[in-house]
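Participant: Sequence and predicted structure, then a few things I'm wondering about:
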Amino acid sequence: MADSILHIKNAGKSRGAMRVLEGVSLNAEPGQRIALLGHNGAGKSTLMKAVLGLTTLDDGRITVDGARPGSAHARTVTAYLPEAVAFHKSLTGREQLTLFARLAGSDMAQVAGYLDRVGIADAADRRIGTYSKGMRQRLGLAQVLLGRPKLALLDEPTSGLDPISRHELYAIIDEMAAHGTAVVIASHTLTEVEARTDRIAILRDGRLVADDTLDNLTLRAGLPTRLRVRAHGDAAARIADETGGTRVNGVSVDLLCTPDRKMAELRRLSAMGEAVADIEMHPPRLEDLYRHYSKGDSQ
Ligand SMILES: Nc1ncnc2c1ncn2[C@@H]1O[C@H](COP(=O)(O)OP(=O)(O)OP(=O)(O)O)[C@@H](O)[C@H]1O
């Protein structure tokens, strides 16, 4: 698409005899938050490195804001947060970020504001060698923010962070996206990306096996929704009998129904009147979808 910041077309790469990327096409538009998922060794880091210009492709083409990965323009508009951020241990957080601002030609007056934004203002004048992993991760995020990138690549950004820090990090990612940055997040933490991304891309053995919104992936997978029906009095046996569901405890019955059968099933339950006290719906989670797409159930 013309207004994509990141265009990946048919990316292919071999390492020795192994094909680590094959026919991968992916676009990222301004303001989009894309989760890049895949098992260990699926090719996520290789793809990110190719976008950063740190490794070359054997086939296909990548452009970043119209430029070649690794070119001066692509580097200016791209920010990268590696999983394990490495800094000069002897510098303070403020010195490191000021150094980065100078190198990147960013506004140095904003350093304090970014340190505050990521929650390490109090530790700004301590040496990075004394920081916890989470604090280094926050400093890395400040560095990403300071570059005001059009494209941010975040590799497992929440690893090493406690639950509150994770929540704060996603709030910052949301803000970046709201300001137009396209954010690609490689992650294994499905519950987080489920709620906080616009699109899910799944790599399996170097191939992209899914790339869509969570809703569309759910529809296409056709995985069942679980209906948990709570019975009134002793009606559970009757409900299980009439619906073919499974009794799960004294008063409830579980029914699995595909998306196209869901409304019919609800109408049938509703026609049972007083026998049904309550119905809880449990649609498939990203975890179920991930398993479906990454294990090849989709083909
Ligand atoms: N420098 C390298 N030399 C040889 N093979 C490599 C190199 N880097 C990666 N590979 C191989 O390429 C494949 C893809 O690796 P990659 O690191 O891209 O996967 P990943 O999806 O990022 O995995 P993880 O979730 O474990 O970080 C793997 O089989 C890996 O062994």
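Facilitator: Yes, it's here.
Participant: how close does the closest residue to Ile200 other than its chain neighbours get to the ligand?
Facilitator: Excluding the flanking residues, the one nearest Ile200 by Cβ to Cβ, 6 or more residues apart in numbering is Ala35, at 5.0 Å. Where you see a C-beta, it was placed from the backbone N, CA and C, and this is true even at glycine. To the ligand, Ala35 is 13 Å away according to Cβ to the nearest ligand atom, to the nearest Å.
Participant: and if you look at Gly23?
Facilitator: With distances taken as Cβ to the nearest ligand atom, Gly23 is found 15 Å from the ligand.
Participant: That residue: what's it in contact with?
Facilitator: Neighbour list for Gly23: 10-12, 60, 207-208 [criterion: Cβ atoms under 8 Å, 6 or more residues apart in numbering].
Participant: separation between Glu194 and the ligand?
Facilitator: In this view, Glu194 and the ligand are 18 Å apart by Cβ to the nearest ligand atom.
Participant: next one: the strand or helix carrying that residue to chain centre, how far?
Facilitator: Assigned by DSSP states H and E, Glu194 belongs to helix 190-196. The chain centroid and the centroid of helix 190-196 are separated by 6 Å under Cα atoms, centre = their mean, to the nearest Å.
Participant: Kindly report the same for stretch 286-293.
Facilitator: 13 Å.
Participant: How about that stretch and the ligand, touching?
Facilitator: No - shown here: stretch 286-293 not in contact with the ligand (Cβ under 6 Å from any ligand atom), separated by at least 13.1 Å.
Participant: could I have that stretch exported to PDB, CA atoms only?
Facilitator: In PDB, the C-alpha atoms belonging to stretch 286-293 read as follows (Å, rounded to 0.1, in the frame of the first residue of the first chain):
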ATOM      1  CA  LEU A 286      -5.300 -15.600  21.000                       C
ATOM      2  CA  GLU A 287      -3.600 -18.600  22.600                       C
ATOM      3  CA  ASP A 288      -6.100 -21.000  20.800                       C
ATOM      4  CA  LEU A 289      -5.700 -19.100  17.500                       C
ATOM      5  CA  TYR A 290      -1.900 -19.100  17.800                       C
ATOM      6  CA  ARG A 291      -1.900 -22.900  18.300                       C
ATOM      7  CA  HIS A 292      -4.300 -23.200  15.300                       C
ATOM      8  CA  TYR A 293      -2.200 -21.100  12.900                       C
END
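Participant: Now do the buried residues in stretch 258-272.
Facilitator: 259, 262, 265-266, 269, 272 (16 or more other Cβ atoms under 10 Å).
Participant: Identify the residue with the minimum pLDDT among the residues you listed.
Facilitator: Ranked by pLDDT, these bottom out at Pro259, which has 79.
Participant: Now do the strands in this protein.
Facilitator: With DSSP state E applied, the chain shows strands at 6-15, 18-28, 33-38, 59-64, 78-81, 151-155, 182-186, 199-204, 207-212, 225-231, 246-247, 252-257, 276-282, listed in chain order.
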